[in-house]
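Trainee: Got a predicted structure plus its sequence, pasted below:
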Amino acid sequence: MARLKLFIPLLLFIALVGFLYQGIYDKDDSLTSALLNKPFPAFSLPTVQSAETNVGKQALLGEVALVNVWATWCPSCQVEHPYLLKLAQQGVKIIGVNYKDDRAAAQQWLTKLKNPYVFSVFDEKGRLGLDLGVYGAPETYLIDREGVIRYKHVGVVDEQVWLTKIKPKYDALKMNTAGTVQQDAG
Amino acid sequence: MKACLKPLLILLVSTVGWLSVSWAAIDTYPFQTEEQRQRFKQLTDELRCPKCQNQNIADSNAPIAKDLREEIYRQLLAGQSNQAIADFMVARYGEFVLYRPAFSKKTWLLWIGPFILLVVGAGIFYRLIRKGQSSTAPASASLSEAEQQQIEAIIHQHEEPKS
């Protein structure tokens, strides 16, 4: 019995390691959720296509949508671009946030690689990015009809990410015809 | 004499050059008061870069860290308190950006864990010390009366065949 007591420090150590390990990999719960279930921040910015017309948060509302943060300087954005086109073809509303980019380069990109976005906000200074808590590109936000952020994915959206992480929540929000608040578990 | 001074001089110049690079991030911002400068230093030291994760905002060269330094600077000059600036960051990047997170059900183990370990460790240490002391004491003192009788009985048993 006394010998068993000798293992107490080891057990405590294992428990501590488990706790810290969970902290490292529990990303959905720390860095990515500051704005979860909070309204999309207000903004007033021109679009990539037109410097004259300013759009605001109002333009995001009314339909369940993805907001995708992208830039021409971001190699991963190029990787996910074909899949975004595919989603757009399937009828998913995607709005782009062109983050700290060059307007001419962004326009060229959309012409050359085709445009999956309903429109792309031109966030030259990264102000909207800052309010969104963007810390890299690409990042993708799922918003409901009222513009409440329901999920955030950091990194490339591909088939696996879409099917396992985003689509279930997207479908649930779509099903919710009244557009009322959907309780989010994760 | 001259020959041995030269490498020293080169070393000195290169070290100073290196130091000035690492301080560049702070020195590019003009402050109105020394107090603002100190607060800027404190805030950028205590806020974690969301992108690079193991660096604070002051040390990181990531573009996002530069943006956040500018934002902190802007808010400092606008008269925001340290708490307001920290809250602004937490609202966007979560508790994660604080190198000293608030005490909550998620962070309690981080805060009091080391003290728990200290108490447990001290307890174990104390017990080991006591055990060590008792084992050096005379053997007879640690035997109970019943044990003493048992030993005598055994000795007696072994002695019997001889007689």
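Mentor: Nice, I can see it.

Trainee: make it CA atoms for all contacts and neighbour counts henceforth
Mentor: Will do.

Trainee: tell me which parts of chain B are close to chain A?
Mentor: Contact residues (Cα under 8 Å from any Cα of the partner chain) of chain B with chain A: B:50-51, B:64, B:90-96.

Trainee: Pull the most distant pair out of these.
Mentor: B:I64 and B:E95 (17.0 Å; Cα to Cα).

Trainee: quick one on the thing from earlier: what's the closest of the residues of chain B next to chain A to A:L61?
Mentor: Taking the residues of chain B next to chain A together and measuring to A:L61 by Cα to Cα, the closest member is B:R92, at 21.0 Å.

Trainee: Help me confirm that that closest one is found in a helix?
Mentor: Yes: counting by DSSP: H, G, I helix; E, B strand; the rest coil, B:R92 is part of a helix.

Trainee: quick one: contacts for it?
Mentor: A:34-35, A:130-133 (Cα atoms under 8 Å, 6 or more residues apart in numbering or on different chains).

Trainee: Out of those residues, grab the one that's most surrounded.
Mentor: With neighbours taken as other Cα atoms under 10 Å in any protein chain shown, the top of the contacts of B:R92 is A:L35, carrying 23 neighbours.

Trainee: avg pLDDT for the helix or strand harbouring B:Q83?
Mentor: In the assignment (DSSP states H and E), B:Q83 maps to helix B:82-93. The average of the pLDDT scores along helix B:82-93 is 92.

Trainee: Report the buried residues of that helix.
Mentor: Of the residues in helix B:82-93, B:82, B:85-86, B:88-93 count as buried by neighbour count, 16 or more other Cα atoms under 10 Å in any protein chain shown.

Trainee: Heading C-terminal from it, find the next helix or strand.
Mentor: Taking DSSP H and E, what comes next after helix B:82-93 is helix B:108-136.

Trainee: CA atoms only for the helix or strand just after that following helix, dumped as CSV, please.
Mentor: Using DSSP H and E, the next helix or strand after helix B:108-136 towards the C-terminus is helix B:145-159. What follows is helix B:145-159, C-alpha atoms only, in CSV (Å, rounded to 0.1, in the frame of the first residue of the first chain):
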residue,chain,number,x,y,z
GLU,B,145,6.2,-5.5,22.8
ALA,B,146,4.4,-8.2,20.8
GLU,B,147,7.2,-8.2,18.2
GLN,B,148,9.8,-8.4,20.9
GLN,B,149,8.1,-11.5,22.4
GLN,B,150,7.8,-13.1,18.9
ILE,B,151,11.6,-12.7,18.4
GLU,B,152,12.3,-14.1,21.8
ALA,B,153,10.0,-17.1,21.0
ILE,B,154,11.9,-17.7,17.7
ILE,B,155,15.3,-17.5,19.4
HIS,B,156,14.0,-19.8,22.1
GLN,B,157,12.8,-22.4,19.5
HIS,B,158,16.2,-22.5,17.8
GLU,B,159,17.9,-22.9,21.1
